[in-house]
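>>> The sequence and its predicted three-dimensional model are supplied below.
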Amino acid sequence: MAEQIRGKVNLLERLLPEGLLVDAAWLGAHGYSTSLRRQYVTAGWLDRPARQVYRRKRGSLSWQQAVVSLQTLLDRNLVVGGRTALELQGFAHYLPQETKTVHLYGTERPPNWLGKLPIDATFAYHNIGRLFSQPSGKPPCDVNGPANASSLALPADLVSQPWGQWKWALILSSPERALLELLDELPDRESFHQVDKLVEGLSPLSPRRLEKLLLDCRSVKAKRLFFFFADRHKHAWLRHIDRKAIDLGKGKRMLVRGGKLSAPHQITVPEDLDGVQ
């Protein structure tokens, strides 16, 4: 019996990298019963940071470990997007961030236990199918564990970023996609003035990638805001985008009550935003 238990522990060491998370269903599917999981927790071979969630303990738990686990071992269709993706790629480091919120985009909600983990972050889920008609498929899943960031082939609107000692691949929205995700949060959950400063620094974007995303974008609001901010900052990539091919809808859109109308874009924006035309 002891040899059998040791054999199962050795297998678990190969299947579950230290620090990453799996749930009870994953362990059950790999042959680890409720009683066996209980034994492993008691013996210290497994840590249980939340109900029905397990890991081989290694250091403190971070939100990156949780997301890498969801994207790989647990095969969830989720990527880090919006403001968080722009922050991680160095475009928003100068913006204030009082509460750490990790924005996740996908076609399925993350499990409830994600919000119960003992980590210094909160998670906000967004349905990517509401913003794009043909969003990229889910990140590639490796049943043998998380992939190295340098070894992944991803769609053009996704990028990977190495994280941790083993350079696990954390999958993010590209800056172009993250920008549209961020704009869709205006005005209720993002600040016009902060987004304005952020877009000012987005000079290295790809016009080809932007145009493809704009053509696929369902949100008239996000597309009009995109051109509003791009026109304000006169980025070089803007002249390479065929604006006439983008469906911007009809009629005015009041985004800010009591705001000022930007006539070329047919949206209202804050009165105190300098240089509104």
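That came through, no problem.

>>> Show me where this structure has its strands.
Applying DSSP state E to the chain gives strands spanning 21-23, 47-50, 53-55, 78-80, 101-106, 122-127, 158-163, 168-173, 260-262, 267-269.

>>> quick one: low-confidence parts of the protein?
1-5, 93-99, 137-152, 275-277 (pLDDT under 70).

>>> now the helices: where do they sit in it?
Using DSSP state H, the helices of the chain run over residues 2-15, 24-29, 34-43, 63-71, 82-88, 128-131, 175-183, 192-200, 207-216, 220-233.

>>> Now the last one - C-alpha only, CSV.
Meaning helix 220-233. Output in CSV follows, covering the C-alpha atoms of helix 220-233 (Å, rounded to 0.1, in the frame of the first residue of the first chain):
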residue,chain,number,x,y,z
VAL,A,220,-19.8,51.1,-31.9
LYS,A,221,-18.8,53.0,-28.7
ALA,A,222,-15.4,51.4,-28.6
LYS,A,223,-14.7,52.1,-32.2
ARG,A,224,-15.8,55.8,-32.0
LEU,A,225,-13.7,56.2,-28.9
PHE,A,226,-10.7,54.6,-30.7
PHE,A,227,-10.8,57.2,-33.5
PHE,A,228,-11.5,60.0,-31.0
PHE,A,229,-8.3,59.3,-29.0
ALA,A,230,-6.3,58.4,-32.1
ASP,A,231,-7.2,61.6,-33.8
ARG,A,232,-6.3,63.6,-30.6
HIS,A,233,-2.8,62.1,-30.5
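
>>> re the thing from before, minimum distance to Gly259: which of the helices of the chain has it?
With CB to CB as the measure, helix 192-200 is the member of the helices of the chain nearest Gly259 (8.9 Å). C-beta: built from backbone N, CA, C; applies to glycine.

>>> ok and that closest one relative to helix 175-183, angle-wise?
Here helix 192-200 runs at an angle of 170 degrees relative to helix 175-183 (axes from the mean of the first three to the mean of the last three CA atoms, to 10 degrees).

>>> Can you say which of the helices of the chain is nearest to Trp163?
Among the helices of the chain, helix 63-71 sits nearest to Trp163 (CB to CB), with 5.0 Å.

>>> Could you name the helices and strands sitting against that closest one?
Applying 3 or more CB pairs under 8 Å, 6 or more residues apart in numbering; DSSP states H and E, one finds that helix 63-71 contacts strand 21-23, strand 78-80, strand 101-106, strand 168-173.

>>> quick one: the second one to chain centroid distance?
So that's strand 78-80. Centroid separation for strand 78-80 versus its chain: 4 Å, with CA atoms, centre = their mean, to the nearest Å.

>>> Pull out the buried residues from that strand.
Across strand 78-80, burial judged by 16 or more other CB atoms under 10 Å covers Leu78, Val79, Val80.

>>> Go ahead and flag the most central residue of the protein.
Val80 (1.3 Å; CA atoms, centre = their mean).

>>> How much space separates that residue from Ala263?
Here the criterion is CB to CB, to the nearest Å. By it, Val80 lies 36 Å from Ala263.

>>> what do you get for Asn77?
In terms of CB to CB, Asn77 sits 40 Å off from Ala263.

>>> Between the two, which is the more surrounded one?
The neighbour comparison of Asn77 against Ala263 (other CB atoms under 10 Å) goes to Asn77, with 18 against 10.

>>> hmm, back to that, what separation is there between the residue nearest to the centre of the chain and Leu88?
In this structure, Val80 and Leu88 are 7 Å apart, going by CB to CB.

>>> Quick check: neighbours shared by these two?
Taking CB atoms under 8 Å, 6 or more residues apart in numbering as the criterion, Val80 and Leu88 both touch Leu170, Leu172.

>>> Quick one: closest of the helices of the chain to Asp242.
Closest approach to Asp242 among the helices of the chain (CB to CB): helix 207-216, 6.4 Å.
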